[in-house]
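*Asks:* below are the sequence and a predicted model for it; my questions follow.
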Amino acid sequence: MKNALISVFSMMICLSLSAQVKETIQINVNANKQIGTAKATFNGANIEDLNNQTNGGVFSQLIHGEAFEENVDVDFLNLPTNQYVQVYVVLDETRTPHFLSTANAYNRTTWNNLSDKYDFNSRELIDSYYQAINPNSKRRLEQQATPPKPVKPMKIGDLNFYGRFVIFDSIPAQYQQILLDRINGDEQISRYWNKIQKNTAKGKFTLKRGDAYMGRQNQVITFADGNGEIGIYNSGLNKQGIHLEANKPYDGILRLKSNGADVVYLSLRDSKGNILAEKPYTLKNDGSYEKVTFELTPSNTDPKGSFGISLKNKGEVELGFVFLQPGEWGRVKGLPVRKMMIDALKKQGISVIRYNGSMVDVGVDTYLYRWKKMIGPIDERRICFRNGFNPYATHTFGITEMLQVAEALDAQVMIGMNINETYEDIRDFVEYVNGDTSTKWGALRAAHGHPTPYKLKHIQVHNEQSISRGYVEGMKKFAEAAWEVDPEMNIITSLNIGSRLESYVRGGSQYELAKEMFAWFISKGKANNLGWDPHYSGAVNFADNTKGFENEMGITLQRALLEDLGHKLTLYPMEENGSRCDWDRGLAHAHNWNTLQRYADCFTWLGTANTLQPHRQHYMWDQGRVHYTSNEIWFQPSAYEDEMMSNNWLFNVLDATSSQDKKLDVTAKTNDDKSELSIYVVNITNQPQKATINIDGYKFQSRAKIWTIGGCELTDYNTVEAKETVAPKIETVRIKSKNTQYTFPKYSYTVITLKKY
């Protein structure tokens, strides 16, 4: 009897296992039932001052270190590029050099001293060290009865960063003398520039503090004696080379002061230093900051070229600012926007773009982030500021240039502005961007080279804030000032909600402030002109927790406000954030894509961070979705997904279900005339998943196009050497309306496209 029971039990186990093996997931699509409408503005992107997405990228400026603000180079540390970009040399008020790290931009410094000749006060360096030793303590080290345990430092090469600084006394001895020699010797050359010295020419290089053209310092070149050439050259973003194309003109501007030099030579050079184009320019030599406009046409192509400035006779020049860009052949509509980058964004299908981020709210000099400092000729915007990710930024790319990027892209744009802009300046801004040329500020825009209005419709107030009384009042200020000029302007919050279910819960202080703010817009008859931008997660499992997902995306808040106020809050979630660009991020993006489409009626815009990322340049985040070198651009997996979705956008979201949605996540859409239907399937698991597909209410041709990306490891991504490691594959298969069997690869995103019969 016992053996019989064991046999029966064993048979039941075998049958159960057999059933599990043979079980297929059921995918059902009902083409007769529409559950939402997905707007084309769901494919959005972000550009912020992160990873130098502008200079060397979408902005036509090819020079890195354009204002000579950076101190001497750290090339002697022999760091790889992704670490090299993190370490700068800074001076305190005693002219002592220290190392500054940008690896954690949120470990902020507070000293602000635009007019001073030094970068930081030595007291701030010491305070920063104390703060790093015990970052959670509000008391300084000497005030504590029991010294705290030191935190583990961030290791960059041989350097140990406990906070933002490695003070001089803590710098390894082998580097101290090199630093002192460079700071005080005859070869003081700004970080992103290199020396030119030929034949018997003798001279020196000095970084002169004070009375600078644009910021704190100028680069001085002195030709003292001998024959030959003395000067400097620039190899573009992080010294990785400027792509020069043969027989195509490059134009630019140089601002300099001559102290005895009669002629300056400007040149384009190949990677070996050979001259591809060179012209002499005669100087006034009257002690003023002269404006030299130039055009150079290289004789050969070199992706690792450079731009040179030199003297060939005795004399001295002070360099204040340089701008170099491709001629109109390499730009869009004559704008300072690079065609190769715009073409990539168009290929990706970007329809809306947000310009906001660290430059608005992070850093020492954000009080300088004001729109009136960002207009007019770029060489006359004589201001530099330090923000979170770039300790030496300029205003050559600013709000105006971002509007021009959007224009070149034919996309709508959301412009982030500092909450401390005055009422008058906000009003003037709207007139500048949207006013007729008969208005004061519209006429100035025309004088700056753009007669037609930019037609901006979305202004965002500050970046990633917590709601407060002050923020609510700031939103009102922006709204009233903007509406004086353009009653249709949309005012967008940047208020993250987060995944905590108690955030913005009805009855809480956050909710009451949000309700008050929305009620104010409603009272003005502008309910639809308030937008909310809650940033959200780029993790693979983010969409699986329905309550957390709905809360973080703002849907829970939207529902509560609709119930309480009778109006639907407009949501613009414009940052899907992740820390990586590999297939893990690609799979997460696909899962979010699918889920967000099913909530389509909740959203107006959707966007993903971050857009552009230079090759080998990342530190806090590695989430750039379009990577580039000086002459090459390639997509990361999530950008391919955008391209596929956008190039054949289907608006109508259909009822579609998966019997095991934690394994296969399914969305379906069709166009208005139902000539096409697509089924979007994300396999979130590490195993192939077999499914049975049933489609009701739609007669279609038997041959379907299958677009698939993934089926690889989550850590795979696209490199400059292997740009299509994770790239789409397309095939054609036969599909029936009932009981079609299909196996979806592990960790994959598959789109099945059907044409109407």
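*Replies:* Cool, got the structure. Numbering: from 1, shown residues only.
*Asks:* is G252 in contact with Y281, as I believe?
*Replies:* No. Judged on C-beta atoms under 8 Å, G252 makes no contact with Y281 at a distance of 11.4 Å. C-beta: built from backbone N, CA, C; applies to glycine.
*Asks:* shared neighbours of the two, anything?
*Replies:* Both G252 and Y281 are contacted by F294, under the criterion C-beta atoms under 8 Å, 6 or more residues apart in numbering.
*Asks:* the two: which is more packed in?
*Replies:* G252 (20 against 14; other C-beta atoms under 10 Å).
*Asks:* in contact with the spatially closest residue to the more buried one that is not a sequence neighbour: list those residues for me.
*Replies:* In this structure, G252 finds its nearest non-sequential neighbour in L324, 4.0 Å apart by C-beta to C-beta, 6 or more residues apart in numbering. For L324, the contact set (C-beta under 8 Å, 6+ apart) comprises Q61, L62, I63, I242, Y250, D251, G252, F307.
*Asks:* do S258 as well
*Replies:* V264, L283, K284, N285, D286, G287, E290, G315, E316, V317.
*Asks:* go again with 7 Å.
*Replies:* By C-beta atoms under 7 Å, 6 or more residues apart in numbering, the contact set of S258 is L283, K284, N285, E290, V317.
*Asks:* if I look at the last one, how far off is K257?
*Replies:* Counting by C-beta to C-beta, to the nearest Å, the separation of V317 from K257 is 7 Å.
*Asks:* out of the contacts of L324, list just those in strands.
*Replies:* I242, Y250, D251, G252, F307 (DSSP state E).
*Asks:* ok, and the most crowded of these?
*Replies:* I242 (29 neighbours).
*Asks:* dig out what it forms beta bridges with.
*Replies:* G305 (DSSP bridges).
*Asks:* ok, back up a step: who's more crowded, V317 and K257?
*Replies:* Taking other C-beta under 10 Å, V317 and K257 do not tie; V317 has more neighbours (26 against 22).
*Asks:* now do the contacts for that one.
*Replies:* V317 touches I221, L256, K257, S258, N259, A261, V264, L311, counting by C-beta under 7 Å, 6+ apart.
*Asks:* pretty sure the first one sits against T206.
*Replies:* No. With contact defined as C-beta atoms under 7 Å, I221 does not count as touching T206 (8.3 Å).
*Asks:* between those two, tell me which one has more neighbours.
*Replies:* I221 (26 against 18).
*Asks:* how far away is the more buried one from F205?
*Replies:* From I221 to F205 the distance is 6 Å (C-beta to C-beta).
*Asks:* what's the average pLDDT for stretch 368-379?
*Replies:* Mean per-residue pLDDT for stretch 368-379: 95.
*Asks:* which residues touch it?
*Replies:* By C-beta under 7 Å, 6+ apart, stretch 368-379 touches 253, 255, 291, 321, 323, 359-360, 381, 383, 385, 395-396, 398-400, 417-418, 421, 425, 429, 448.
*Asks:* buried subset of those, written for PyMOL?
*Replies:* Of these, the buried ones can be selected in PyMOL as follows, counting by 16 or more other C-beta atoms under 10 Å:
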select buried, resi 253+255+321+323+359+360+381+383+385+395+396+398+399+400+417+418+421+425+429
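*Asks:* show me which pair in the ones in strands among the contacts of L324 is furthest apart.
*Replies:* Taking C-beta to C-beta, the two most distant members of the ones in strands among the contacts of L324 are I242 and D251; they sit 13.6 Å apart.
*Asks:* wait, is I350 part of a strand?
*Replies:* No. Counting by DSSP: H, G, I helix; E, B strand; the rest coil, I350 is not found in a strand; it is coil.
*Asks:* right, and it touches N43 too?
*Replies:* Yes. Using C-beta under 7 Å, I350 is in contact with N43, at 6.1 Å.
*Asks:* which non-adjacent residue is nearest S466?
*Replies:* Nearest one to S466, counting by C-beta to C-beta, 6+ apart, is L495 at 7.3 Å.
*Asks:* all helices of the stretch 151-300 of the chain, in order?
*Replies:* Ranges of helices in the stretch 151-300 of the chain, per DSSP state H, counting those that start in this stretch, are 173-184.
*Asks:* quick one: mean pLDDT over stretch 625-634.
*Replies:* 95.
*Asks:* still on that earlier bit, what's the burial count for the residue nearest to S466?
*Replies:* L495: 25 neighbours (other C-beta under 10 Å).
*Asks:* any figure for the gap between it and W532?
*Replies:* Counting by C-beta to C-beta, the gap from L495 to W532 is 7 Å.
*Asks:* where in the stretch 351-500 of the chain is pLDDT low?
*Replies:* 388 (pLDDT under 70).
*Asks:* what sits against G228?
*Replies:* G228 neighbours (C-beta under 7 Å, 6+ apart): K198, N199, T200, A201.
*Asks:* now the strands: where do they sit in the stretch 651-757 of the chain?
*Replies:* 652-658, 664-670, 676-683, 689-696, 703-710, 729-734, 740-744, 748-755 (DSSP state E, counting those that start in this stretch).
*Asks:* adjacent strands (with direction) for the fourth one?
*Replies:* Paired neighbours of strand 689-696 in the sheet (DSSP bridges): strand 25-37 (parallel), strand 740-744 (antiparallel).
*Asks:* quick one: which of the ones you listed is nearest I189?
*Replies:* Nearest of those (C-beta to C-beta): strand 740-744, 56.3 Å.
*Asks:* what's the spacing between that closest one and its chain's center?
*Replies:* With C-alpha atoms, centre = their mean, to the nearest Å as the basis, strand 740-744 stands 38 Å off its chain's centre.
*Asks:* over to stretch 606-626?
*Replies:* That offset, for stretch 606-626, works out to 6 Å (C-alpha atoms, centre = their mean).
*Asks:* noted, bye for now.
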